[in-house]
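Novice: Dropping a prediction and its sequence here:
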Amino acid sequence: MRKIFKPQTEEQKADEISRQHGFDRTYTAPEIKGRRKRTKGPLRALNISMPEDQFERFVKICDDMDKTYWQGLCELMDKYEQEK
């Protein structure tokens, strides 16, 4: 005797029940950019306290430029030195 239906995994069963209730499995994971490049050589730590809104502003700028915090700070210092 041949089986007409294949046995379903738990995930397939859940998908079928979800479809019956109007849900579709179209979820795609958000694209994650590769993290920023690390540097080689000796490192020193710089810890500063600043207002949260300014910190968030700095982080957003670095993210928009796809730079690490130290790279963003270096660009700021370079710009300052060019304008001197």
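Specialist: Thanks, I have the structure now.

Novice: Least confident secondary structure element in this structure?
Specialist: Sorting the helices and strands of the chain by mean pLDDT, DSSP states H and E puts helix 10-20 at the bottom, at a mean of 81.

Novice: Can you name every helix or strand that that helix contacts?
Specialist: Using 3 or more C-beta pairs under 8 Å, 6 or more residues apart in numbering; DSSP states H and E, no helix or strand is in contact with helix 10-20. In this view, the C-beta of every residue, glycine as well, is placed from N, C-alpha and C.

Novice: Determine the next helix or strand in the C-terminal direction from that helix.
Specialist: helix 52-65 (DSSP states H and E).

Novice: Show residues contacting that next one.
Specialist: Applying C-beta atoms under 8 Å, 6 or more residues apart in numbering, the external contacts of helix 52-65 come out as Met50, Thr68, Tyr69, Gln71, Gly72, Glu75.
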